[in-house]
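Engineer: kindly return the folded structure for what I paste below:
(one chain, ligands or ions: 1)
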Amino acid sequence: MSCSYADGLSPYENKGVLGQEERYDTAETLRLKCGLLADWIQGARHVVVHTGAGISTAAGIPDFRGTNGVWTLEQKGLKPSMNISFDEAIPTKTHMAMKKLIESKKVKFVISQNIDGLHLRSGIQRQYLAELHGNMFTEQCDKCGRQFIRNFATKSVGKKSLDTVCRSEQIGGRPCRGRMHDTILDWEHNLPDSDLTLSDLHSSVADLSICLGTTLQIIPSGNLPLYTKKYGGRLVICNLQPTKHDKKADLIINGNVDEIIITVMKKLGLEIPEYESSMDPTRNSDTTAKEMDWTIPTSRIKEMNVLYKKVCKPMRRKRKTFMYERERTDTTKRETKARKQAFTVKQEIKTEDNNLAATGGMYKAEDDRVVPEGNPVKTEENTVDVETCRYSVEDVTTVEHSTNMEMNQTV
Ligand SMILES: [Zn+2]
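Structural biologist: So this is what the prediction gives:
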């Protein structure tokens, strides 16, 4: 039960903004916005999708901050009535569409805050998915760090020991004999390194980030889509409630996520596959099969680092140069004064020049730029901004919501 997951977490006061009013675009507006989103996907070079609990409500799993969300109801002393077990739930249209979009190379990476394992169960491959807050259907070795897929959801949350031994020996690895634990983060835990690094790199490289069913209040996950904006890409938010970053979005679609995705897929001419248990690795009875290894390959991180350097580093350099140029114009008062004087002189010369030109004479004004010595333009050498990030909700006092929920883009 989703509630048992919530109950298993330690008490935490700051759950963010809860139960905000839902908004629905009209059918016509929704159609136009979905058409625009499909065009943007079609024209993008690197699309990343960020998913939250809102994409799993159609599977019967309650969200957290929606009008009937776990935390919203908890505040009223209530619990969600509609609830099924993680083992019973199956991937939604949106989960299956993500698998198709990855396979057809329209989407390069999915970053999920969801722990329900529905992305994994849709049949998506590990190298295309980051699970920032863990997964009920995976377990991790405390010694070698490898992750493996389970046949049923873990009973514990908060990275507790599962009293089982590492399967590395059975799945083509050296004997490890480490102990396994669940991968579900509690509030005070750090995010998984490889998942976070890949998410950071993909979000930076992306020229289109699409957020589905998340109010973007949890950090650092909720801030990752902003990396796309930082490097000049577009941000699209699809959610029923306002989100923390609506003001920064290029397009906001207020509607049911499944409905949005079905319309977009139709426009792209792609069929959403049906869920099949034969494609669901959690239904694989052979727990020693190679595909049960759910560890992110280090080669993927290396590849993404190379791409990041190629795509983002030149942009960083350009921005640094710009910042330097701007600083250079007002480094010291003396320089400013000298500049003003030079400007006045130049103006005088220009006036004279014009007078001369008017009378047929010629004159060339001297360049008056002041170039400080010993301060070369610096270039950024650090490739990744990743720090060890804790899972928390950003201070709600800083949360601002746009009152203008209209689409920021003309359709
Ligand atoms: Zn191990």
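Engineer: helices along the protein, start to end?
Structural biologist: 2-8, 27-43, 70-75, 93-103, 118-122, 193-205, 225-230, 257-268, 298-311, 313-328, 333-358 (DSSP state H).
Engineer: please identify the deepest-packed of those.
Structural biologist: Ranked by mean neighbour count under mean count of other Cβ atoms under 10 Å, the helices of the chain are led by helix 118-122, which reaches a mean of 26. To be clear about C-beta, it is placed using only N, CA and C from the backbone, and glycine gets the same treatment.
Engineer: low-confidence stretches in the chain?
Structural biologist: 1-3, 82-83, 318-389, 395-411 (pLDDT under 70).
Engineer: that one against the ion: which residues are in contact?
Structural biologist: Applying Cβ under 5 Å from the ion, we find that the chain lies next to the ion at Cys141, Lys143, Cys144, Cys166, Ser168, Cys176, Gly178.
Engineer: can you name the two of these that sit furthest apart?
Structural biologist: The distance between the two most remote of the residues of the chain next to the ion (Cβ to Cβ) is 8.9 Å, for Lys143 and Ser168.
Engineer: who touches both of those two?
Structural biologist: Cys176, Gly178 (Cβ atoms under 8 Å, 6 or more residues apart in numbering).
Engineer: these two: which has the busier surroundings?
Structural biologist: Counting neighbours by other Cβ atoms under 10 Å for Lys143 and for Ser168 shows that Ser168 has the greater number, 20 against 14.
Engineer: that one: what's it in contact with?
Structural biologist: Taking Cβ under 8 Å, 6+ apart as the criterion, Ser168 is in contact with Cys141, Cys144, Arg146, Arg174, Pro175, Cys176, Gly178.
Engineer: what's the answer for Ile253, then?
Structural biologist: Contacts of Ile253 were listed using Cβ under 8 Å, 6+ apart, and they are Asp25, Leu30, Lys33, Cys34, Leu37, Val236, Ile237, Cys238, Asn239, Ile260, Met407.
Engineer: go with 10 Å
Structural biologist: Applying Cβ atoms under 10 Å, 6 or more residues apart in numbering, we find Ile253 in contact with 25, 29-30, 32-34, 36-37, 210, 212, 236-240, 259-260, 263-264, 407.
Engineer: got it, and Glu21?
Structural biologist: By Cβ under 10 Å, 6+ apart, Glu21 lies in contact with Thr67, Leu240, Gln241, Pro242.
Engineer: relative to Lys244, how far out is it?
Structural biologist: In this view, Glu21 and Lys244 are 16 Å apart by Cβ to Cβ, to the nearest Å.
Engineer: and the contacts of Glu21, which are buried?
Structural biologist: Leu240, Gln241, Pro242 (16 or more other Cβ atoms under 10 Å).
Engineer: surely the last one meets Arg23?
Structural biologist: Same thing as Pro242. Yes. Judged on Cβ atoms under 10 Å, Pro242 makes contact with Arg23 at a distance of 7.4 Å.
Engineer: about what we covered before: JSON lines please, covering the residues of the chain next to the ion and showing distance to Thr295.
Structural biologist: As requested, the residues of the chain next to the ion are exported to JSON lines (distance: Cβ to Cβ, whole Å):
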{"residue": "Cys141", "distance to Thr295": "9"}
{"residue": "Lys143", "distance to Thr295": "13"}
{"residue": "Cys144", "distance to Thr295": "9"}
{"residue": "Cys166", "distance to Thr295": "11"}
{"residue": "Ser168", "distance to Thr295": "9"}
{"residue": "Cys176", "distance to Thr295": "12"}
{"residue": "Gly178", "distance to Thr295": "13"}
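Engineer: which of the residues you listed are buried? Put it as a ChimeraX command.
Structural biologist: Typed into ChimeraX, the line below selects the buried ones among the residues of the chain next to the ion, using 16+ other Cβ under 10 Å:
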select :141,166,168,176,178
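Engineer: let me know the closest of the residues of the chain next to the ion to Glu103.
Structural biologist: Proximity of the residues of the chain next to the ion to Glu103, judged by Cβ to Cβ, is greatest for Ser168, which lies at 28.8 Å.
Engineer: residues contacting Gly173?
Structural biologist: Counting by Cβ under 10 Å, 6+ apart, Gly173 touches Cys141, Cys144, Arg146, Cys166, Arg167, Asp293, Thr295.
Engineer: again, but for Asn135
Structural biologist: Asn135 makes contact with 86, 112, 114-121, 129, 147, 149-150, 153-154, 182-184, 192, 195, 282, 294, according to Cβ under 10 Å, 6+ apart.
Engineer: now do 6 Å
Structural biologist: Counting by Cβ atoms under 6 Å, 6 or more residues apart in numbering, Asn135 touches Ile115, Gly117, Thr183.
Engineer: and Lys106, by the same measure?
Structural biologist: Taking Cβ under 6 Å, 6+ apart as the contact definition, Lys106 lies against Ile41.
Engineer: what about it, distance to Ile210?
Structural biologist: If you measure Lys106 against Ile210 using Cβ to Cβ, the figure is 11 Å.
Engineer: do the same with Leu73
Structural biologist: Here the criterion is Cβ to Cβ. By it, Leu73 lies 28 Å from Ile210.
Engineer: mind putting the contacts of Gly173 into TSV with distance to Ala44?
Structural biologist: Formatted as TSV, the entries for the contacts of Gly173 read as follows, by distance: Cβ to Cβ, whole Å:
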residue	distance to Ala44
Cys141	37
Cys144	37
Arg146	33
Cys166	40
Arg167	38
Asp293	31
Thr295	29
